[in-house]
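Q: Sequence isn't available, so here's the structure alone:
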């Protein structure tokens, strides 16, 4: 799902829909056109997407013999994926190199808090669920607050229910599925002291990711481009020893090469 731009500078998204259903030639032509227009392509894909999509993307990358296509599949729920993709689109308007921009995705995931309100956790396999909680899930009217990232949390919603949130100022995005609940807006958002709250449609992969369509998904994020830019540029940059592109972190998102281990200087003897 492509979220609307956060500001006028946000680069438009290209939605690669139905990759596992379209002819391979169509996907090749689409990706070749994007490379010709922009030079590099960063594909942000949910882990809830069908496995055929990743296989298709890797096939296209191999056939095009291109190290200019980065496939990024962070361990975030679908709404968090959409927020992270928009943040990268915001940063794409800045003077960041393709390698640094692609690497920024891993960095920014640490500042995303993503969860949901669920009517049942019986099919939830993304967050550890104890047997007692599973049993409570069968009680009519039960609802659960779940955090999947950055650290798993699960509570049964009641007067004392609380989830640990970010310790820095964020905005919150809420996407409603087939569950009637205002707990996020009336309880969680005030407790987390969010600076603002907006709503979005529920991503198509959310029901599969959370194990139920009766949910309200939410995500907190940093909205300001200046803050995102400062975070990314404050991290030490390096050069990939394999493809020569600028990166942050120890792994190149484009060619997948990892930084070679640092060799310690031999200790003098004598």
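A: Yes, it's here. Note that the structure is predicted; figures quoted are calculated from it, not measured.

Q: Start and end of stretch 11-18, how far apart?
A: This stretch, stretch 11-18, spans 22 Å end to end (CA to CA, to the nearest Å).

Q: Now tell me what touches it from outside.
A: 2-3, 5, 27, 30, 34, 43, 85-86, 89-90, 92-93 (CB atoms under 8 Å, 6 or more residues apart in numbering). No exception for glycine: its C-beta is placed from N, CA and C like everyone else's.

Q: Specify the local secondary structure of the nearest residue to residue 170 once chain neighbours are set aside.
A: Distances taken as CB to CB, 6 or more residues apart in numbering place residue 220 nearest to residue 170, at 4.0 Å, with adjacent residues excluded. State at residue 220, reduced to three classes by DSSP: H, G, I helix; E, B strand; the rest coil: strand.

Q: And residue 128, by the same measure?
A: coil.

Q: need the contact list for the residue nearest to it when sequence neighbours are not counted.
A: Of all residues not flanking residue 128 in the chain, residue 152 sits nearest, at 5.8 Å (CB to CB, 6+ apart). The neighbours of residue 152, taking CB under 8 Å, 6+ apart as the test, are 127, 128, 146.

Q: Just the ones of the contacts of stretch 11-18 in helices?
A: The helices, defined by DSSP state H, take in 27, 30, 34, 85, 86, 89, 90 from these.

Q: from those residues, which is closest to residue 78?
A: Nearest to residue 78 among the ones in helices among the contacts of stretch 11-18 is residue 85, at 10.6 Å by CB to CB.

Q: Tell me how many other residues surround that closest one.
A: 22 (other CB atoms under 10 Å).

Q: before we move on, what SS does the residue lying closest to residue 192 once chain neighbours are set aside have?
A: For residue 192, ignoring the flanking residues on the chain, the nearest one in space by CB to CB, 6+ apart is residue 165 at 3.7 Å. Assigned by three-state DSSP, the conformation of residue 165 is coil.
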